[in-house]
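>>> sequence? don't have it. structure:
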(Lines give C-alpha, C1' and ligand atoms only; values in the text may rest on other atoms or scores of the structure.)
Protein backbone atom coordinates (compact mmCIF):
# COMPACT_ATOMS: atom_id res chain seq x y z
CA UNK A 1 0.00 0.00 0.00
CA UNK A 2 1.09 3.60 -0.59
CA UNK A 3 0.78 4.57 3.08
CA UNK A 4 2.21 2.73 6.05
CA UNK A 5 -0.24 0.61 7.99
CA UNK A 6 -0.61 0.70 11.74
CA UNK A 7 0.29 -2.50 13.61
CA UNK A 8 -3.42 -3.00 14.35
CA UNK A 9 -4.35 -2.72 10.67
CA UNK A 10 -1.49 -5.05 9.69
CA UNK A 11 -2.72 -7.61 12.21
CA UNK A 12 -6.29 -7.36 10.92
CA UNK A 13 -5.08 -7.65 7.32
CA UNK A 14 -2.99 -10.68 8.20
CA UNK A 15 -5.94 -12.47 9.77
CA UNK A 16 -8.03 -11.60 6.72
CA UNK A 17 -5.44 -12.92 4.27
CA UNK A 18 -4.81 -16.10 6.24
CA UNK A 19 -8.47 -16.89 5.71
CA UNK A 20 -7.66 -17.37 2.01
CA UNK A 21 -4.85 -19.84 2.75
CA UNK A 22 -5.51 -23.56 3.17
CA UNK A 23 -5.57 -24.71 6.82
CA UNK A 24 -2.47 -26.87 6.29
CA UNK A 25 -0.53 -23.99 4.70
CA UNK A 26 -1.63 -21.61 7.44
CA UNK A 27 -0.58 -24.01 10.20
CA UNK A 28 2.79 -24.56 8.55
CA UNK A 29 3.41 -20.83 8.09
CA UNK A 30 2.64 -20.14 11.74
CA UNK A 31 4.95 -22.96 12.78
CA UNK A 32 7.87 -21.97 10.54
CA UNK A 33 7.79 -18.25 11.32
CA UNK A 34 8.54 -19.06 14.97
CA UNK A 35 11.81 -20.65 13.81
CA UNK A 36 12.90 -17.75 11.61
CA UNK A 37 15.82 -15.61 12.73
CA UNK A 38 17.35 -12.32 11.69
CA UNK A 39 20.29 -12.70 14.07
CA UNK A 40 22.28 -14.04 11.12
CA UNK A 41 21.97 -12.59 7.64
CA UNK A 42 23.78 -13.58 4.47
CA UNK A 43 25.31 -11.14 2.00
CA UNK A 44 26.17 -12.18 -1.56
CA UNK A 45 28.41 -9.92 -3.62
CA UNK A 46 27.99 -9.96 -7.41
CA UNK A 47 26.98 -13.62 -7.68
CA UNK A 48 26.03 -14.27 -11.30
CA UNK A 49 25.73 -18.05 -11.59
CA UNK A 50 21.97 -18.87 -11.29
CA UNK A 51 22.65 -22.39 -10.02
CA UNK A 52 24.79 -21.20 -7.09
CA UNK A 53 22.55 -18.24 -6.35
CA UNK A 54 19.56 -20.56 -6.15
CA UNK A 55 21.33 -23.13 -3.99
CA UNK A 56 22.32 -20.44 -1.48
CA UNK A 57 18.80 -19.09 -1.12
CA UNK A 58 17.57 -22.66 -0.62
CA UNK A 59 20.12 -23.17 2.18
CA UNK A 60 19.04 -19.91 3.80
CA UNK A 61 15.44 -21.04 3.83
CA UNK A 62 16.29 -24.48 5.22
CA UNK A 63 18.29 -23.00 8.09
CA UNK A 64 15.61 -20.45 8.98
CA UNK A 65 17.44 -17.34 7.79
CA UNK A 66 14.95 -14.54 7.24
CA UNK A 67 16.96 -12.04 5.18
CA UNK A 68 19.42 -12.37 2.31
CA UNK A 69 21.22 -9.26 1.05
CA UNK A 70 22.41 -9.19 -2.55
CA UNK A 71 24.96 -6.66 -3.79
CA UNK A 72 24.55 -6.14 -7.53
CA UNK A 73 27.27 -3.70 -8.55
CA UNK A 74 28.37 -5.76 -11.58
CA UNK A 75 25.91 -8.62 -12.02
CA UNK A 76 22.22 -9.17 -11.51
CA UNK A 77 21.26 -11.90 -9.05
CA UNK A 78 19.15 -14.46 -10.91
CA UNK A 79 17.61 -17.70 -9.73
CA UNK A 80 17.30 -21.14 -11.27
CA UNK A 81 13.75 -22.19 -10.44
CA UNK A 82 14.46 -25.94 -10.34
CA UNK A 83 17.36 -25.51 -7.90
CA UNK A 84 15.67 -22.97 -5.63
CA UNK A 85 12.68 -25.33 -5.24
CA UNK A 86 10.39 -22.43 -4.32
CA UNK A 87 12.64 -21.23 -1.48
CA UNK A 88 12.66 -17.64 -2.77
CA UNK A 89 8.97 -17.34 -1.86
CA UNK A 90 9.85 -17.61 1.83
CA UNK A 91 12.99 -15.43 2.00
CA UNK A 92 13.21 -11.67 2.35
CA UNK A 93 15.56 -10.76 -0.52
CA UNK A 94 17.12 -7.33 -0.05
CA UNK A 95 18.61 -6.20 -3.36
CA UNK A 96 21.25 -3.45 -3.44
CA UNK A 97 21.31 -2.41 -7.09
CA UNK A 98 20.85 1.35 -7.31
CA UNK A 99 22.42 2.88 -10.45
CA UNK A 100 25.50 5.07 -9.99
CA UNK A 101 25.73 4.05 -6.35
CA UNK A 102 28.38 2.02 -4.53
CA UNK A 103 25.91 -0.68 -3.52
CA UNK A 104 28.59 -2.48 -1.54
CA UNK A 105 29.05 0.45 0.82
CA UNK A 106 25.31 1.08 0.98
CA UNK A 107 24.67 -2.54 2.00
CA UNK A 108 27.36 -2.64 4.66
CA UNK A 109 26.31 0.73 6.09
CA UNK A 110 22.72 -0.48 6.34
CA UNK A 111 23.81 -3.60 8.19
CA UNK A 112 26.15 -1.75 10.55
CA UNK A 113 23.44 0.76 11.38
CA UNK A 114 21.21 -2.19 12.26
CA UNK A 115 23.88 -3.52 14.65
CA UNK A 116 25.44 -6.29 12.57
CA UNK A 117 29.07 -7.44 12.70
CA UNK A 118 30.33 -7.78 9.11
CA UNK A 119 32.05 -11.15 8.70
CA UNK A 120 33.73 -11.86 5.35
CA UNK A 121 34.57 -15.37 4.21
CA UNK A 122 38.21 -15.71 3.20
CA UNK A 123 40.76 -18.48 2.71
CA UNK A 124 43.44 -16.39 4.41
CA UNK A 125 45.15 -18.48 7.11
CA UNK A 126 44.59 -15.73 9.69
CA UNK A 127 40.82 -15.97 9.25
CA UNK A 128 38.91 -17.21 12.30
CA UNK A 129 37.43 -20.71 11.89
CA UNK A 130 33.66 -20.53 11.56
CA UNK A 131 33.25 -22.50 14.79
CA UNK A 132 35.05 -19.73 16.69
CA UNK A 133 33.17 -16.69 15.40
CA UNK A 134 31.91 -14.67 18.40
CA UNK A 135 28.13 -14.67 18.74
CA UNK A 136 27.74 -11.67 21.04
CA UNK A 137 26.09 -9.54 18.33
CA UNK A 138 24.16 -10.20 15.11
CA UNK A 139 26.22 -11.43 12.16
CA UNK A 140 26.20 -10.53 8.47
CA UNK A 141 28.10 -13.32 6.73
CA UNK A 142 29.47 -12.28 3.32
CA UNK A 143 30.25 -14.49 0.30
CA UNK A 144 31.71 -13.67 -3.11
CA UNK A 145 32.14 -15.53 -6.38
CA UNK A 146 33.85 -18.90 -6.52
CA UNK A 147 36.52 -17.65 -8.92
CA UNK A 148 37.62 -14.50 -7.11
CA UNK A 149 35.83 -14.51 -3.76
CA UNK A 150 34.87 -11.21 -2.20
CA UNK A 151 36.17 -7.91 -3.53
CA UNK A 152 39.17 -6.31 -1.86
CA UNK A 153 36.93 -3.42 -0.87
CA UNK A 154 34.51 -5.63 1.02
CA UNK A 155 37.31 -7.60 2.67
CA UNK A 156 38.90 -4.35 3.83
CA UNK A 157 35.59 -3.07 5.17
CA UNK A 158 34.72 -6.25 7.10
CA UNK A 159 35.02 -6.40 10.87
CA UNK A 160 36.62 -9.84 10.64
CA UNK A 161 37.15 -12.76 8.28
CA UNK A 162 36.22 -16.40 8.69
CA UNK A 163 37.02 -19.69 7.01
CA UNK A 164 35.85 -23.29 6.98
CA UNK A 165 38.67 -25.63 8.09
CA UNK A 166 39.60 -28.05 5.29
CA UNK A 167 41.81 -31.11 5.35
CA UNK A 168 42.28 -32.18 1.74
CA UNK A 169 44.18 -31.09 -1.36
CA UNK A 170 41.26 -28.98 -2.59
CA UNK A 171 41.22 -25.73 -0.65
CA UNK A 172 37.75 -24.43 -1.32
CA UNK A 173 34.10 -25.49 -1.43
CA UNK A 174 31.70 -24.02 -3.93
CA UNK A 175 29.71 -21.09 -2.59
CA UNK A 176 26.49 -22.99 -2.01
CA UNK A 177 28.25 -25.68 0.04
CA UNK A 178 30.23 -23.04 1.96
CA UNK A 179 27.05 -21.14 2.83
CA UNK A 180 25.30 -24.30 4.00
CA UNK A 181 28.23 -25.40 6.17
CA UNK A 182 28.58 -21.96 7.76
CA UNK A 183 24.85 -21.66 8.45
CA UNK A 184 24.73 -25.16 9.92
CA UNK A 185 27.59 -24.34 12.29
CA UNK A 186 26.19 -20.96 13.34
CA UNK A 187 22.63 -22.16 13.80
CA UNK A 188 23.75 -25.16 15.86
CA UNK A 189 25.87 -22.98 18.14
CA UNK A 190 23.21 -20.29 18.50
CA UNK A 191 20.58 -22.84 19.51
CA UNK A 192 22.77 -23.70 22.52
CA UNK A 193 22.87 -20.10 23.76
CA UNK A 194 20.34 -17.92 25.55
CA UNK A 195 20.39 -15.41 22.68
CA UNK A 196 16.82 -14.62 21.54
CA UNK A 197 16.73 -15.71 17.91
CA UNK A 198 13.07 -15.23 17.04
CA UNK A 199 11.79 -12.34 14.95
CA UNK A 200 10.32 -9.33 16.69
CA UNK A 201 6.50 -9.10 16.70
CA UNK A 202 6.65 -6.54 13.85
CA UNK A 203 9.04 -8.70 11.80
CA UNK A 204 6.91 -11.77 12.44
CA UNK A 205 3.76 -9.97 11.30
CA UNK A 206 5.40 -8.52 8.19
CA UNK A 207 6.97 -11.85 7.29
CA UNK A 208 3.63 -13.62 7.55
CA UNK A 209 2.00 -10.89 5.45
CA UNK A 210 4.59 -11.42 2.74
CA UNK A 211 4.11 -15.19 2.80
CA UNK A 212 0.35 -14.86 2.66
CA UNK A 213 0.49 -12.41 -0.23
CA UNK A 214 2.74 -14.76 -2.19
CA UNK A 215 0.39 -17.67 -1.52
CA UNK A 216 -2.89 -16.09 -2.65
CA UNK A 217 -3.90 -15.77 -6.32
CA UNK A 218 -5.08 -12.31 -7.41
CA UNK A 219 -3.84 -10.84 -4.16
CA UNK A 220 -4.49 -7.25 -5.31
CA UNK A 221 -8.22 -7.92 -5.52
CA UNK A 222 -8.25 -9.65 -2.16
CA UNK A 223 -6.49 -6.76 -0.43
CA UNK A 224 -8.77 -4.20 -2.07
CA UNK A 225 -11.76 -6.10 -0.66
CA UNK A 226 -10.24 -5.86 2.81
CA UNK A 227 -9.70 -2.09 2.64
CA UNK A 228 -13.15 -1.48 1.16
CA UNK A 229 -14.61 -3.31 4.16
CA UNK A 230 -12.58 -1.10 6.51
CA UNK A 231 -14.30 2.02 5.19
CA UNK A 232 -12.81 5.50 4.79
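Everything's here; your move. Just so it is clear, the structure is predicted and the values come from calculations on it, not from any experiment. Residues are numbered from 1 along each chain as shown.
>>> what's the longest helix in this protein?
helix 175-191 (DSSP state H).
>>> pLDDT of that helix, averaged?
Taken as a whole, helix 175-191 has a mean pLDDT of 95.
>>> contact partners of that helix?
Applying C-beta atoms under 8 Å, 6 or more residues apart in numbering, the external contacts of helix 175-191 come out as 37, 39-40, 42, 44, 47, 51-52, 55-56, 59-60, 62-65, 121, 130-131, 133, 135, 139, 141, 143-146, 162, 164, 172-173, 197. The way it works is simple: take the backbone N, C-alpha and C, and place the C-beta from them, glycine included.
>>> Please, a PyMOL command that selects the buried ones among the residues you listed?
Selection of the buried residues among the contacts of helix 175-191 in PyMOL, burial being defined by 16 or more other C-beta atoms under 10 Å:
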select buried, resi 37+39+40+42+44+47+52+55+56+59+60+63+64+65+121+130+133+139+141+143+144+145+162+164
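>>> for the protein, where's the lowest mean pLDDT among helices and strands?
Every helix and strand in the chain was compared by mean pLDDT, DSSP states H and E; the lowest is helix 81-84, with a mean of 52.
>>> which residues of this protein fall in strands?
Listed in chain order, the strands of the chain (DSSP state E) span 40-45, 67-71, 92-96, 117-121, 128-129, 139-143, 160-163.
>>> right, so of the ones you listed, which gets closest to residue 29?
Among the strands of the chain, strand 92-96 comes nearest to residue 29, with 14.4 Å by C-beta to C-beta.
>>> That closest one vs strand 67-71, what angle?
20 degrees (axes from the mean of the first three to the mean of the last three C-alpha atoms, to 10 degrees).
>>> quick one: strand 92-96 to strand 40-45, angle?
Going by the same axes, to 10 degrees, strand 92-96 makes 40 degrees with strand 40-45.
>>> Would you mark the buried spots in strand 92-96?
92, 96.
>>> Check stretch 218-232 too.
By neighbour count on 16+ other C-beta under 10 Å, the buried set for stretch 218-232 is 222-223.
>>> What are the contacting residues of it?
With C-beta under 8 Å, 6+ apart as the criterion, stretch 218-232 contacts 1, 9, 12-13, 16-17, 20, 213, 216.
>>> Export those to TSV and append columns for neighbour count and distance to residue 224.
Formatted as TSV, those follow (neighbours: other C-beta atoms under 10 Å; distance: C-beta to C-beta, whole Å):
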residue	neighbour count	distance to residue 224
1	8	10
9	14	14
12	15	15
13	21	12
16	17	12
17	21	12
20	16	13
213	15	13
216	17	12
